[in-house]
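>>> Test case, fold it:
(2 chains)
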Amino acid sequence: MSTVSDPTSPQPIKSLKPSGNLGRRAAVSRLLVGGATASALLAVAVLAIVVFGVVVRGIHALTIGFLTKDPPQFGGAGGGIASAIVGSALIVGVATVITVPIGVLGAIYVTEFAGPRSRTARAVRTSLDLMQGLPTVVVGLFVFGLIVTATNTESGFAGSIALSIIMLPLVARSTQEVLLLVPTGLREAADALGVARWRSVVRMIVPAAMGGIVTGTILAVARAAGETAPLLIVDGIYTNSTTINVFGHGMPNIPVLIWTASEAADPNGFARAWGAALVLLAVILIANVGARVLLARSRARTGQ
Amino acid sequence: MLLALTAVAALIPVLVLVEIGYQVINGARPAISRFGLGFLWHSGWQPNFSIFGAGNMLYGTIVSSLIALALAMPLGIAIALYLSMIAPRGIRAIVGPMVEMLAAIPSVILGFWGIIVFAPFVQQHLEPWLHSVLGFIPIFGAAETTGLSLFTAGLVLTIMVLPIIASLSRDMFLTVPAELRDGAEALGATRWEMIRGVVLPTTISGVAAATVLGLGRALGEAIAVAQVIGDGNLIHSSLFETGSTLASRIALEIQYTVSPLHTASLFYLALILLAISLLTNLAAQGIARRFDVGQALAQ
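Numbering: from 1, shown residues only, chains lettered A, B, ... in the order given. So this is what the prediction gives:
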């Protein structure tokens, strides 16, 4: 866009109001700024439409009984999703217990012990990136080959393993980031005082990064709670009664319950699935908002 | 002690990745030796007759992802510009997290909503309208009965990919120094000229990397796509017909395989998907690293 005016037809400046070329430039700018604003509005509208759609259809189902009763064994109306809530909580819980130590320790190695130029650290970082990009259905198939075909049974534990593979890069990456935020001066001060590295890590660096680690874990849990593909593949067949045994047999869970209902044309199943979707969505959105608040608070406290 | 413990933990991701590759190749081996590379473009898929080929699924995967990318890239960049350059600070703090919230909606819920609410809307309003306006192009055929189609799948994927492209691009735009932006505006550039002349050229590689990451997500999404794509088995010229993708086929059939060869063929599909996803992710990292924006993207 040329801003040099044509010398053969000089335009004397009459007023400061944009005219001619300047007016056109301003108009183009306004148009594109308006387009960007409209795009942002569209995204917010889509979020509102989806959330509203789930709330409107799921709110009828929400009763105490819905949360405390099992679904009817042979279909039909009534009943709740207690078995799926318990199952989902246990599967995700076990996955979290497996993932968090590995993710946090691995991140500590990369940031505290390996040093920024280390080959190992780079390899670990690259594999975490690649892991994060893995299609979840491939993760599911991997665990299917590893555990389900080997033991010849689906189980909640197989689901936990699959979910922990999905959570690991999230936990490790967020932990790395907060560890990098801990001021280098603290580490140098500890070194200068002759404190062993492991001691300064355990007593000083990890506590300073705790807020970020917890936030990252909450976000990873929220992500895992809604993950469907791996559970469908390794924990998709189950009897619909509450169980707390994660081994040996399939375990009911919320995502697969919604999936199964969405694939069958049964109005009772739809009603139950909308209720389950509302419960799941509420948990996930609250976890996300909570994690943000927590992060903002811990940032404010440590002055970052 | 702690050093050894952390080193072992750090190596786990590497080992898991290698093991995933091994398991998937191992599972696919019978199908690989039976069909060879011809599997990639053979378009038949009839488990009961031991006829398997990835052609239709590759087509569905590419087309649905391209629809998503064609819509999500311009929208995502526009949203990122709004959040980094245009919106007042207070609005940024509300709209930004809301856009990211879109990525937190589980795919199974989005797909369920897609079946019940969105697909009928697409079938009754969007597809007939596109058909009447652009019907002379064969890809905009007449609407089918259910609304479950490649096109609907592409739109649902757009919703899933949009927040990824938008939030990563926004982080890129925020790395442009304020002095450069102020300088451009001080020289009389309009807001758009400043964006086009200063912001986009310095961040284009980061935005490209963000787009490739979004593409990777779209290529690998199984659940929501399986719910709204209609699980068709043929390649049609119209986008408003059913189809299937690599990931959706795996999700729909792995529980109900009729023969070991069927299972192996699904693993073969997963192997293709794994290769595609590794390539897209390495490409995104490569673009980002080459232009030294990796740090900002890693956030």
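
>>> From now on I want contacts and neighbour counts done on CA atoms only, so please keep to that.
Will do.

>>> what are the phi and psi values for the residue of the stretch 1-150 of chain B found nearest chain A?
Here the residue of the stretch 1-150 of chain B nearest chain A is residue B:10; by Cα to the nearest Cα that distance is 3.8 Å. The phi and psi values for residue B:10, taken as degrees, to the nearest 10, are phi -70, psi -30.

>>> any idea how far residue A:173 is from it?
Here the distance between residue B:10 and residue A:173 works out to 11 Å (Cα to Cα, to the nearest Å).

>>> Neighbours of the residue of the stretch 1-150 of chain B closest to chain A, how many?
Close neighbours of residue B:10, defined as other Cα atoms under 10 Å in any protein chain shown, add up to 27.

>>> How about the contacts made by the residue nearest to the spatial centre of chain A?
The residue lying closest to the centre of chain A (Cα atoms, centre = their mean) is residue A:223, at 3.1 Å. Contact criterion Cα atoms under 8 Å, 6 or more residues apart in numbering or on different chains gives A:167, A:284, B:104, B:106 as the residues in contact with residue A:223.

>>> For residue B:264, state which of these is nearest.
residue A:167 (27.1 Å; Cα to Cα).

>>> what are the ranges of the helices in chain A?
Remark: helices assigned in chain A by DSSP state H are A:20-58, A:64-68, A:82-108, A:119-133, A:136-143, A:149-151, A:156-181, A:184-192, A:197-200, A:206-225, A:229-234, A:254-263, A:267-302.

>>> Run through the residues that contact residue A:140.
If you count contacts by Cα under 8 Å, 6+ apart, residue A:140 has them with A:162, A:229, A:230, A:231, A:233, A:234.

>>> quick one: the last one and residue A:159 touch, right?
Think residue A:234. Yes. The pair residue A:234 and residue A:159 passes the contact test of Cα atoms under 8 Å, sitting 5.9 Å apart.

>>> Once you drop chain neighbours, what's closest to residue A:54?
In space, not counting the residues next to it along the chain, residue A:54 is nearest to residue A:278; the distance is 5.9 Å by Cα to Cα, 6 or more residues apart in numbering or on different chains.

>>> Apologies, that question was intended for residue A:230.
For residue A:230, the spatially nearest residue (Cα to Cα, 6+ apart) is residue A:140, at 3.8 Å.

>>> Please apply the same query to residue A:217.
residue A:171 (5.7 Å).

>>> Just give the number of residues close to residue A:97.
Other residues lying near residue A:97 total 12 when counted by other Cα under 10 Å.

>>> ok, now how distant is it from chain B?
To chain B, residue A:97 is 14 Å away according to Cα to the nearest Cα, to the nearest Å.

>>> OK, contacts around residue B:141?
Listed by Cα under 8 Å, 6+ apart, the contact set of residue B:141 reads B:131, B:135, B:237, B:238, B:239, B:240.

>>> Also near chain A: which of the residues you listed, exactly?
Here nothing survives when these are matched to chain A using Cα under 8 Å from any Cα of the partner chain.

>>> among those residues, which are in helices?
residue B:131.

>>> In JSON lines: the contacts of residue B:141, plus distance to residue B:201.
Putting those into JSON lines (distance: Cα to Cα, whole Å) gives the following:
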{"residue": "B:131", "distance to residue B:201": "37"}
{"residue": "B:135", "distance to residue B:201": "37"}
{"residue": "B:237", "distance to residue B:201": "37"}
{"residue": "B:238", "distance to residue B:201": "37"}
{"residue": "B:239", "distance to residue B:201": "34"}
{"residue": "B:240", "distance to residue B:201": "37"}
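
>>> Quick check: residues of the stretch 51-200 of chain A near chain B?
For the stretch 51-200 of chain A, the residues in contact with chain B (Cα under 8 Å from any Cα) are A:53-54, A:102-103, A:105-110, A:113, A:123-124, A:127-131, A:133-139, A:141-142, A:145-146, A:168-169, A:177, A:198.

>>> Show the buried residues in those residues.
A:53-54, A:102-103, A:105-110, A:113, A:123-124, A:127-131, A:133-139, A:141-142, A:145-146, A:168-169, A:177 (16 or more other Cα atoms under 10 Å in any protein chain shown).

>>> for chain A, what are the nearby residues on the stretch 151-299 of chain B?
Contact residues (Cα under 8 Å from any Cα) of the stretch 151-299 of chain B with chain A: B:159, B:190-193, B:213, B:216-217, B:220-223, B:227, B:247, B:250-251, B:254-255, B:267, B:270, B:273-274, B:277-278, B:281-282, B:299.

>>> Give me the subset of those residues that lies in helices.
Per DSSP H, those map to helices at B:159, B:191-193, B:213, B:216-217, B:220, B:223, B:227, B:247, B:250-251, B:267, B:270, B:273-274, B:277-278, B:281-282.

>>> In contact with residue 156, which residues?
If you meant another chain, say so; for now it's chain A. Shown in contact with residue A:156 (Cα under 8 Å, 6+ apart): A:87, A:91, A:235, A:245, A:246, A:247, A:249, A:250, A:251.

>>> nope, chain B please
Each residue near residue B:156 by Cα under 8 Å, 6+ apart is listed here: B:68, B:110, B:111, B:114, B:224, B:225.
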